[in-house]
Every structure is written in C-alpha cells, then in structure tokens.
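>>> Make a model of this:
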Amino acid sequence: MPIINRIADFAADMTEWRQHLHTIPELSFDCPKTAAFIKERLEEIGVDEIHTGIAQTGIVAIIKGQGAGKTIGLRADFDGLPIEEDTGVAYASTHPGKMHACGHDGHTAMLMGAAKYLTETRNFSGRVALIFQPAEEDGGGAEVMCQEGIMDRFDISQVYGIHNVPGFDFGTFMTTPGPIMAAVDMFTINITGRGGHGAMPHETADPVVAVCGMVQAIQTIGSRNVHSAQEKVISVTQIHTGSASNIIPETAMINGTIRTFDKDTQEVIRRRMEEVVAGQAASYGVTAELDYEVGYPATVNDVEGAAFAAKVAVDVAGEAMVVPDMPKVAGSEDFAYMLEERPGAYLFLGTGEGAGLHHPKYNFNDEAAPIGASFFVRMVETAQPVEA
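Predicted coordinates for the structure are as follows:
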C-alpha cells in the first residue's frame with residue numbers, strides 16, 4: 001500500500017497523539033483538554049493560523065501553499081462517548097464513564113499527520129483549512145461551526161471527511177455519490193387514557209390497547225405511504241406502561257427512530273406520523289402528544305466530489321481497495337451540515353478486525369492513521385496542484 005514515505009516516518013507520532021487523546025475522552029462541546037492538546041501539536045507542527053473557540057472548543061487551522069488558489073477543507077471530529085471503557089489497553093480512558101468508542105481520536109491523529117506533512121512540503125496552491133470539530137455524537141457540532149460561519153470566514157470551497165469502519169478489510173476506502181448516510185429523526189408519543197381495575201376495562205380508556213394499535217399503524221407508514229423504492233427505516237424501540245397485572249394504567253409512552261435519505265420522504269413520514277397518532281388516539285378514546293424531533297439531515301455526497309475522492313483513494317490504495325458505489329448506511333453523521341454548505345464527500349476507511357463502533361471494547365487501529373493521512377494529503381495536492 002503506497003503510504004507516503006514521509007508520513008510513514010512519523011507514524012509513531014500519530015500513534016502517540018492518538019493514544020494520548022484516547023486517555024482523555026470528552027463529550028459533546030465540552031472538550032477543553034482535547035482542544036488544548038490539538039492546539040499544542042499544531043503549534044509544534046508550524047501551521048500558519050490557529051483559530052480556536054469555534055463551537056466552543058472547535059478549531060480551524062490554516063496551512064498556506066504556494067501562490068494563490070482555493071481553500072480545501074478537511075474535517076476530523078474529536079468528541080467521545082458516554083461509555084465505560086473495557087479494552088484493557090495501557091492507554092485506556094482516565095475519565096470514568098467516557099471513552100473514544102468511535103475512533104474520533106484516530107480521525108484527529110490522521111488530520112494532524114496530514115497537517116505535519118503539508119506544513120513541511122507545501123506542495124499545493126491556495127490553502128488548506130483543517131477543521132477539528134466537537135460534538136459529532138451529540139449536539140451537531142458541524143452545524144454550529146457552519147452557523148458560526150467557518151465556510152465563508154475561511155473561504156472554504158470544498159470539504160472532505162473520513163470515518164473508520166472496523167470489520168471491513170483493512171485499508172479499503174468506500175464512498176458513493178449522492179446520499180451515503182441517513183437523516184435521523186426521533187419521536188416520542190405520550191398517551192393519556194383513564195386507568196382502572198383490570199377486571200373492569202369497560203370503565204377505562206385503556207392506553208395499553210391504544211399503544212398496540214398505534215405501533216401497528218405506525219408500521220404501515222413506510223409500506224403504504226412511501227414509494228417502495230425509497231429507502232427508509234421506522235423503528236419503535238421503546239414502550240413503557242403499567243405497574244401491575246390487575247391495573248389498567250393511566251398513561252403509556254412510545255419512542256422510536258426514523259431514518260430517511262431524502263427530504264420529501266422525511267416530510268411524508270413526519271406528516272403521516274402526526275395524522276396516524278391523532279387518528280389512533282381518537283379511535284381508542286385517549287389523548288396522545290407526539291414529540292417529533294428532526295435530527296441530523298442525510299449526508300449527501302456531491303457527485304463530482306465523490307468521484308474525485310474515489311479517484312484519489314485509488315491513487316493511495318489501489319483500485320482493488322476502493323469501493324466507489326457502496327450501499328447507503330442507515331446511520332447518521334453531522335458532516336451532513338458541511339456538505340449542505342459546500343460540495344465534497346464523506347468516505348469510510350476499513351480498519352480490519354475488531355470490536356464494532358460504540359462498543360466498550362472498541363479501539364482504533366493505529367496502523368490505519370498513515371493511510372488516512374496519506375489520503376488527505378493526496379486530496380489536497382491533487383485538488384490544488386502547484387502551477388508550473
């Protein structure tokens with residue numbers, strides 16, 4: 001695999017950076033130790049500008065190339081998860097109840113490795129904007145960074161990001177034009193009936209029966225109101241009600257998630273959810289309040305950006321190690337907000353065998369960092385070559 005030789009030379013640095021970050025996982029926007037460590041390393045590397053305090057703890061660093069040109073954005077997320085780590089590694093989390101269970105420590109090490117190489121060589125025109133983002137897992141840090149104007153402030157013309165994927169062949173790049181990850185919405189339905197004795201249901205307005213009918217009706221939305229060719233997921237994941245075998249309860253709660261890949265389908269499901277809940281409540285003589293929370297939008301790759309990213313990946317890993325038309329993933333990613341503002345693409349990088357993402361035994365494969373850093377570098381040098 002043609003990892004750039006100079007990047008291979010400081011692979012040990014990336015491992016050291018990544019494993020230190022692994023010891024200090026922080027959550028959401030509250031990542032001061034992580035941000036301070038990144039800033040210190042960027043200062044040592046010698047980037048030209050470091051802008052801190054974006055989305056509270058986010059950072060944008062600028063590296064200037066040779067001569068005038070555009071600015072390409074490269075993004076790494078750096079927040080952890082509220083999980084108790086169970087890896088047993090020497091560099092395990094020192095923050096109880098928090099861990100890097102999604103590899104954001106590895107994403108950050110990749111981008112810092114690319115920064116080190118690009119700062120040394122500057123074999124590109126224009127500028128590179130290194131985007132270090134908090135709150136991917138919770139809070140939508142990408143949206144906040146965009147709301148705070150990073151795309152215009154730093155004149156970013158296109159933007160790219162990578163996510164590691166354990167369980168896929170090591171060193172394999174995967175992407176696709178158009179939607180690559182789903183929009184994620186959540187819903188909670190609170191049902192209020194009239195409780196009573198289990199032996200006298202005729203004197204009650206039974207929320208348990210209403211829950212059963214409502215869940216069944218919700219499942220018809222995807223099959224009867226959305227075209228069969230449109231990919232979507234509607235999952236009821238929680239039902240809570242009752243306290244004893246002989247008591248019909250007063251209330252019940254339903255909770256779940258919805259995944260879609262286009263805004264029209266998302267809107268049809270939201271509208272039908274409102275109608276179904278209201279209709280079912282009326283039919284069972286109960287009241288129901290629907291709290292429908294619209295979450296991250298679908299992550300939609302620019303068609304040309306995805307093709308370009310796949311071409312660069314072939315240059316790095318070889319054609320046999322690149323999947324340019326991978327199936328969509330029903331998970332979500334707040335990089336979607338950056339792709340709504342600028343063209344670009346999101347890719348996955350296989351990291352081989354290991355525990356899955358968000359698992360207490362997950363640990364980023366450090367051997368993948370030089371591959372990701374090499375991709376970022378080749379992306380910059382190919383997109384913004386130095387004019388002869």
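
>>> Residue 240: neighbour count?
Residue 240 has 11 neighbours, counted by other Cβ atoms under 10 Å. The way it works is simple: take the backbone N, C-alpha and C, and place the C-beta from them, glycine included.

>>> actually residue 186, sorry about that
14.

>>> helices and strands of this structure: which one bottoms out on pLDDT?
Ranked by mean pLDDT, DSSP states H and E, the weakest helix or strand in the chain is helix 5-9, scoring a mean of 92.

>>> What mean pLDDT does stretch 206-225 get?
For stretch 206-225, the mean pLDDT works out to 97.

>>> next helix or strand past the least confident helix or strand of the chain?
helix 11-23 (DSSP states H and E).

>>> So for stretch 167-183, first residue to last residue, what's the gap.
Terminal residues of stretch 167-183 are spaced 24 Å apart (Cα to Cα, to the nearest Å).

>>> can you pull the buried residues of it?
By neighbour count on 16 or more other Cβ atoms under 10 Å, the buried set for stretch 167-183 is 168, 170-177, 179-183.

>>> measure the residue sitting nearest the centre point of the chain to residue 114 for me?
What sits nearest the mean C-alpha location of the chain, by Cα atoms, centre = their mean, is residue 333, with 2.6 Å. Distance, residue 333 to residue 114, using Cβ to Cβ, to the nearest Å: 20 Å.

>>> sorry, back to before: so how far is the least confident helix or strand of the chain from its chain's centroid?
How far helix 5-9 lies from its chain's middle: 29 Å, per Cα atoms, centre = their mean, to the nearest Å.

>>> can I get the buried residues of stretch 167-183 in TSV with secondary structure, pLDDT and distance to residue 215?
Formatted as TSV, the buried residues of stretch 167-183 follow (DSSP: H, G, I helix; E, B strand; the rest coil; pLDDT from 0 to 100; distance: Cβ to Cβ, whole Å):
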residue	secondary structure	pLDDT	distance to residue 215
168	coil	96	34
170	coil	97	42
171	coil	97	43
172	coil	98	39
173	strand	98	40
174	strand	98	35
175	coil	98	36
176	coil	98	33
177	coil	98	36
179	strand	98	28
180	strand	98	30
181	strand	98	26
182	coil	98	21
183	strand	98	22
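
>>> sorry, back to before: so which other helices or strands are in contact with the least confident helix or strand of the chain?
Judged by 3 or more Cβ pairs under 8 Å, 6 or more residues apart in numbering; DSSP states H and E, helix 5-9 is in contact with helix 104-121, helix 369-383.

>>> Can you name the element that comes right after the first one?
Read that as helix 104-121. Per DSSP H and E, the helix or strand that comes after helix 104-121 is strand 127-133.

>>> now for that following strand, which elements pack on it?
Strand 127-133 packs on helix 32-45, strand 58-64, strand 71-77, helix 104-121, helix 141-147, going by 3+ Cβ pairs under 8 Å, 6+ apart.

>>> sorry, back to before: please name whichever of the helices and strands packed on helix 5-9 is nearest to residue 354.
helix 104-121 (11.6 Å; Cβ to Cβ).

>>> got the angle between the closest one and strand 71-77?
Put simply, helix 104-121 runs at 150 degrees to strand 71-77, going by axes from the mean of the first three to the mean of the last three Cα atoms, to 10 degrees.

>>> before we move on, which element is the residue nearest to the centre of the chain in?
Under the criterion DSSP H and E, no helix or strand holds residue 333.

>>> OK, contacts around it?
Contact analysis of residue 333 by Cβ atoms under 8 Å, 6 or more residues apart in numbering lists 136, 163, 181, 296, 299, 346.

>>> repeat for residue 163
Contacts of residue 163 by Cβ under 8 Å, 6+ apart are 103, 107, 333, 346, 347, 348, 349.

>>> now do residue 188
By Cβ under 8 Å, 6+ apart, the neighbours of residue 188 are 253, 254, 255, 290, 291, 293.

>>> Leaving out the residues flanking it, which one is nearest to the fourth one?
Put plainly, it is residue 290. residue 277 (4.7 Å; Cβ to Cβ, 6 or more residues apart in numbering).

>>> Also the last one?
Sequence neighbours aside, residue 186 is the residue nearest to residue 293 in space, at 4.6 Å (criterion: Cβ to Cβ, 6+ apart).

>>> Doesn't the one you found belong to a strand?
Yes - counting by DSSP: H, G, I helix; E, B strand; the rest coil, one finds residue 186 located in a strand.

>>> For the stretch 251-388 of the chain, give me the ranges with low pLDDT.
Across the stretch 251-388 of the chain, residues meeting the criterion (pLDDT under 70) sit at 388.

>>> from memory residue 123 sits against residue 384, does it?
No - the criterion here is Cβ atoms under 8 Å, and residue 123 misses it with residue 384 at 9.7 Å.

>>> any residues in contact with both of the two?
In contact with both residue 123 and residue 384: residue 65, using Cβ under 8 Å, 6+ apart.

>>> The helices and strands packed on helix 5-9: which one's closest to residue 209?
Between residue 209 and these, the tightest spacing by Cβ to Cβ is seen for helix 104-121, at 44.8 Å.

>>> Average pLDDT for the closest one, rounded please.
98.

>>> Against which helices or strands is that helix packed?
helix 5-9, helix 11-23, helix 32-45, strand 58-64, strand 71-77, strand 127-133, strand 156-165, helix 369-383.
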